[in-house]
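> From the sequence below, what's the structure:
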Amino acid sequence: MSERTLIILKPDAVQRSVCWEILSRFERRGLKIVGTKMVSPNRDFFYQHYETIGTMISRRWEAVFNVTLESMQKWPVIAIVLEWIEAVKIVRQMVGATEPASANPGTIRGDFAHMSFSYGDQEKKGIPNLIHASWDSEEAKKEIDLWFSPNELYDYVMCNECFIR
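Coordinates of the predicted model:
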């Protein structure tokens, strides 16, 4: 059975012009794009995303949370909903470790980013790790409901689904 997950191409991905290269990796893997938009959310919106849903303050401390919110508001982001069998698991594997310095080669963060948490903490700056991906199915549902209204998501059959499903 298919499930949906959210990815956000962060401001550093937008600024580096690697968004479509990243997105094409998901398409080549067989994931279906069912919603996409470019937006510039405000601090309250990101607070809902990163703390109300993601509990970032308790996981990484308030200072890291504040730096993250500041960096996410610098430029627009691209929010995308992907769908497929075990989409959350597949996307998390493809994205790689949250800390780019720990991400394996072949993952998005391993191939396009390199900064460590310690360097970001030392410089008091957000980690440019290019992409957010929902942690699990429950979080994905909450995040999708926050970022997209039902009329912004599409159900359709891809012509190649009979070969890859």
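> Give me the neighbour count for residue 59.
12 (other Cβ atoms under 10 Å). (Glycine included, C-beta is placed from N, CA and C.)
> now the residue most central in space within the chain, what's its secondary structure?
Ranked by distance to the mean C-alpha position of the chain (Cα atoms, centre = their mean), the top residue is residue 132 at 2.2 Å. Assigned with DSSP: H, G, I helix; E, B strand; the rest coil, residue 132 falls in the strand class.
> Roughly how far does the closest residue to residue 134 other than its chain neighbours sit from residue 146?
Ranked by Cβ to Cβ, 6 or more residues apart in numbering and with sequence neighbours excluded, the top spatial neighbour of residue 134 is residue 140, at 3.6 Å. Note on residue 140: its distance to residue 146, by Cβ to Cβ, to the nearest Å, is 11 Å.
> Next, the contact list for the residue nearest to the centre of the chain, please.
Residue 132 sits next to 6, 7, 8, 10 when contact means Cβ atoms under 8 Å, 6 or more residues apart in numbering.
> Please identify which helix or strand holds the third one.
This points to residue 8. Applying DSSP states H and E as the criterion places residue 8 in strand 2-9.
> thinking again about what came up before, can the contacts of residue 132 go into CSV with extra columns for pLDDT and distance to residue 163?
Shown next, in CSV, are the contacts of residue 132 (pLDDT from 0 to 100; distance: Cβ to Cβ, whole Å):
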residue, pLDDT, distance to residue 163
6, 98, 26
7, 98, 24
8, 97, 29
10, 96, 32
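> Which member of the residues you listed is positioned nearest residue 120?
residue 10 (13.5 Å; Cβ to Cβ).
> what about that closest one, how many residues close to it?
Residue 10 has 25 nearby residues by other Cβ under 10 Å.
> Give the next helix or strand downstream of the worst-scoring helix or strand of the chain on mean pLDDT.
When each helix and strand of the chain is scored by mean pLDDT, DSSP states H and E, helix 56-60 comes last, with a mean of 71. Sequence-wise, the next helix or strand downstream of helix 56-60 (DSSP H and E) is helix 62-72.
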